[in-house]
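A.B. asks: Everything below, folded, please.
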Amino acid sequence: MVRSPAAWSLPSDSTRGGALAGTTCVARGSPEQGDRWSWHVVALHGGGAGSFRRNGGRSDDFGSRPSFAIARRGVDFEEVFALVARIETMRVLLALAAQGGWEVHHMDVKSAFLNRDLTKIVYVKQPPGVVVGNGDKVLKLRKALYGLRQAPRAWNFKLDKELIALGFVRSKLEHVVYRRSYKSSLLLVGVYVDDLVIYGPNVSDISWFKQEMKKKFSMSDLGLLSYYLGIEVKQGEDWITLSQCAYANKILENAGMTNCNSTATLMEAQLKLSKKMEDEVVRPTDYRSIIGSLRYLVNTRPDLAYSVGVVSRFMEAPSKAHWGAVKQILKYLKGTVGFGYKYAKGDELKPFLLGFSDSDFAEDVEDRKSTTGVVYFLGNNLVTWASQKQKIVALSSCEAEYVAGAVAACQGVWLSRLIGELVGNEGGVSKAAYG
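C.D. replies: So this is what the prediction gives:
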């Protein structure tokens, strides 16, 4: 959608200062035919449904890229992704914080993608309503813009460089977790693009880190962590709780089951679902949307893991029977919408990892594959859980249990090494696993 120049509104002062005042772009003469250029439209964001989002300095229309953008991977840019932490890592860090009685703080980087210098030359066309010179110039970017494909990766490199300069060491097992230790001081930082979550036993160390980051970037200090990636976090003196109450209510609203009756069971006993159910097919798009939402809800609801995993197998052509199983889960969710998980404080920070694995045998009526279940506790706190169909057909219940045990062992080795690295014990932490 192209709007008239009169309809454009400038971004916020903080963004405009970086994008238009010479720190992000500089005027250059029009390129001659035959030269290699990367073209993008600079969108100054206005409001309104379906219009350009007021988010500052983005070079696309709410995610869509102009058809005449000719940036080429391997020529104008290399990698395009920004690293993010696994959700299991977040739970491990929160469990460590709760067990040690630490505070967890949250910071956000304002206009993060405008902070990174580009490694390749990029020119952009002047946007409607903004005239530089006689209007015959293009703008050479000095720093990344929102919407440039290389912007996320460029920002990640910048942040990594600055954290290392502050004395942090990047984790070898989780590349967006950083650790800084000095004598008795310990500080951990988890990164999710432009969100920084800070963990540490000493509040003064956290305050020092915040001040240093404010010197390097324009930051928002959000105080104690309370909301992160749709997860509600509450911190008490001896506990930390995770829940997705608002998200669960939104799922019920989208499914049209806000006023449904609740139930105490997730699935009917001995329920056998098949891809060849001979009843009416429901809309796959609606089914997939609800399943995707439920799968994200599993991040704080281990009780939903198995049932959501089962109904996820039929997203290609769901039938009324499959939708009935999903409605059963939603009815259970209605009665447990406030459920979550609680991490309690321990006596001392000496992590002990305890895992369990289990398996059924040939319960899938389509291919007779078994289902693996794995959980791990850090002390008394549950940090990871999974329920997934096995990749092979087990010929006996013993073989199915061995497959589940192997999955649990792999997860346990990774967790042990990660936790050991975080607390300064390179050999890993003590662990035990039971099938």
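
A.B. asks: Burial check on the closest residue to Thr372 other than its chain neighbours, number of neighbours?
C.D. replies: Spatial nearest neighbour of Thr372, chain neighbours left out: Ala404 (4.1 Å); criterion: Cβ to Cβ, 6 or more residues apart in numbering. For the C-beta atoms, the positions are set from N, CA and C on the backbone; glycine is no exception. Counted by other Cβ atoms under 10 Å, the residues lying close to Ala404 total 24.

A.B. asks: in terms of contact, does Ala404 touch Ser387 like I think?
C.D. replies: No: Ala404 lies out of contact with Ser387 (Cβ atoms under 8 Å); the separation is 10.4 Å.

A.B. asks: shared neighbours of those two, anything?
C.D. replies: Thr372, Gly373, Val374 (Cβ atoms under 8 Å, 6 or more residues apart in numbering).

A.B. asks: taking those residues one by one, which sit in strands?
C.D. replies: Members of these lying in strands (criterion: DSSP state E): Thr372, Gly373, Val374.

A.B. asks: Tell me who's in contact with the second one.
C.D. replies: By Cβ under 8 Å, 6+ apart, the contact list for Gly373 reads Ala305, Tyr306, Ser357, Asp358, Ser359, Trp385, Ala386, Ser387, Ala404.

A.B. asks: Any chance of those residues in TSV with secondary structure as columns?
C.D. replies: Converted to TSV, the contacts of Gly373 look like this (DSSP: H, G, I helix; E, B strand; the rest coil):
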residue	secondary structure
Ala305	helix
Tyr306	helix
Ser357	strand
Asp358	strand
Ser359	strand
Trp385	strand
Ala386	strand
Ser387	strand
Ala404	helix
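
A.B. asks: Kindly export the helix or strand in which His322 is found (C-alpha atoms) in CSV.
C.D. replies: Using DSSP states H and E, His322 maps to helix 320-335. The C-alpha trace of helix 320-335 is given here as CSV (Å, rounded to 0.1, in the frame of the first residue of the first chain):
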residue,chain,number,x,y,z
LYS,A,320,-14.8,-33.7,13.7
ALA,A,321,-13.4,-36.5,15.9
HIS,A,322,-10.0,-34.7,16.0
TRP,A,323,-11.8,-31.4,16.8
GLY,A,324,-13.7,-33.1,19.5
ALA,A,325,-10.5,-34.1,21.2
VAL,A,326,-9.2,-30.5,20.9
LYS,A,327,-12.4,-29.2,22.5
GLN,A,328,-11.9,-31.6,25.4
ILE,A,329,-8.5,-30.0,26.0
LEU,A,330,-10.0,-26.6,25.8
LYS,A,331,-12.7,-27.5,28.3
TYR,A,332,-10.0,-28.7,30.7
LEU,A,333,-8.1,-25.5,30.0
LYS,A,334,-11.2,-23.5,31.0
GLY,A,335,-11.1,-25.0,34.5
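
A.B. asks: For the protein, which segments count as helices?
C.D. replies: Remark: helices assigned in the chain by DSSP state H are 13-19, 87-100, 151-165, 203-216, 245-254, 284-297, 305-311, 320-335, 397-423.
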